[in-house]
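J.: for reference, the sequence and a predicted model appear below.
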Amino acid sequence: MDIFKLFFVECLSYFHLIFSDWGLAIIAIALAIRIILFPIQTFSFIQLRRLQNVQPEVDKLNVDLSDDPLSAFKEIRELKKRKGIRTWAMLILNLVQIPIFLGMYQAISSARNLTEVPFIWISSLATPDAFYVLPLLVALTTYFQLRNNMPSSAPGKPHAALLTKLLPAVNFVFMAAMPSALVLYYATSGVFQFVSETALRRVVG
């Protein structure tokens with residue numbers, strides 16, 4: 001993981017040389033990472049939409065074959081195969097993003113130059129956002145992403161509605177205690193993801 005950390009430290013320094021501002025450097029690297037990961041995001045989004053489209057058939061098979069779970073599993077597996085759904089590929093592609101985000105987390109956390117560095121309304125990128133603007137932005141993007149990606153059959157399910165409310169609140173509390181530099185990164189990344197998913201939704205349907 002130190003390799004990723006050192007890589008992102010160098011990337012931050014490079015963008016800082018370009019913009020001469022640590023806040024803009026963080027925004028730039030967040031956008032650059034999201035652009036690089038966009039093919040993965042597109043593939044995952046398409047797979048998710050396919051999975052949502054077959055969910056009514058999956059639910060019907062689970063009901064019809066409730067007495068024979070093994071047959072239900074086989075039928076659902078064949079259904080997903082016919083529809084071109086590769087659940088394992090979605091998992092692998094999402095796992096690829098973990099070392100990237102952990103490396104970025106470590107790079108920003110260890111950046112001592114952010115101490116007492118202001119950015120717009122933030123007095124120091126090394127301290128939490130006193131006005132909670134960035135944590136709120138992270139919470140809102142999380143909420144709208146969950147709502148937009150929720151299957152059409154989910155709103156009537158209590159656990160789905162609870163998740164849509166609980167996860168944004170947890171993110172807000174967590175981000176409110178984090179250094180503003182980290183929250184700025186996650187907020188920028190989240191906004192880009194939300195905007196790009198909205199565009200993909202219009203294209204893919």
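T.: It's in.
J.: how far away is residue 146 from residue 164?
T.: Residue 146 is 5 Å from residue 164, where distance means C-beta to C-beta, to the nearest Å. Where you see a C-beta, it was placed from the backbone N, CA and C, and this is true even at glycine.
J.: repeat for residue 136
T.: Distance of residue 136 to residue 164, computed by C-beta to C-beta: 16 Å.
J.: can you tell me the SS state at residue 189?
T.: Following DSSP: H, G, I helix; E, B strand; the rest coil, the label given to residue 189 is helix.
J.: least trustworthy helix or strand in the protein by mean pLDDT?
T.: Lowest on mean pLDDT, DSSP states H and E among the helices and strands of the chain sits helix 87-109, with a mean of 78.
J.: could you point out which element follows that helix?
T.: Sequence-wise, the next helix or strand downstream of helix 87-109 (DSSP states H and E) is helix 133-149.
J.: which other residues reach that next one?
T.: 48, 121-122, 129, 163-165, 167-169, 171-172, 175-176, 178, 180, 183-184, 186-187, 190-191, 193-194, 197-198, 201 (C-beta atoms under 8 Å, 6 or more residues apart in numbering).
J.: buried residues, it. List them.
T.: 134-146 (16 or more other C-beta atoms under 10 Å).
J.: what does stretch 60-74 give?
T.: Of the residues in stretch 60-74, those buried (16+ other C-beta under 10 Å) are 61, 65, 72.
J.: in strands, which of these appear?
T.: Counting by DSSP state E, the buried residues of stretch 60-74 place none of their members in strands.
J.: give me the number of residues near residue 48?
T.: Residue 48 is flanked by 16 other residues according to other C-beta atoms under 10 Å.
J.: please tell me how far it sits from residue 168.
T.: From residue 48 over to residue 168 (counting by C-beta to C-beta), the distance is 19 Å.
J.: nearest spatial neighbour of residue 106, chain-adjacent residues omitted?
T.: Counting by C-beta to C-beta, 6 or more residues apart in numbering, the nearest residue to residue 106 once its immediate chain neighbours are dropped is residue 5, at 4.2 Å.
J.: now that neighbour: phi and psi?
T.: phi -60, psi -50 (degrees, to the nearest 10).
J.: low-confidence ranges, the protein, go.
T.: 1, 89-90, 93, 112, 151-161, 205 (pLDDT under 70).
J.: isn't residue 128 right next to residue 184, touching?
T.: No: the pair residue 128 and residue 184 does not pass the contact test of C-beta atoms under 8 Å, sitting 11.4 Å apart.
J.: still on that earlier bit, from the contacts of helix 133-149, keep the buried residues only.
T.: By 16+ other C-beta under 10 Å, those give 48, 122, 129, 164, 168, 171-172, 175-176, 178, 180, 183-184, 186-187, 190-191, 193-194, 197 as buried.
J.: which of those residues fall within helices?
T.: 48, 164, 168, 171-172, 175-176, 180, 183-184, 186-187, 190-191, 193-194, 197 (DSSP state H).
J.: quick one: furthest residue from the center of the chain?
T.: Centroid-distance maximum for the chain: residue 67 at 37.5 Å, with C-alpha atoms, centre = their mean.
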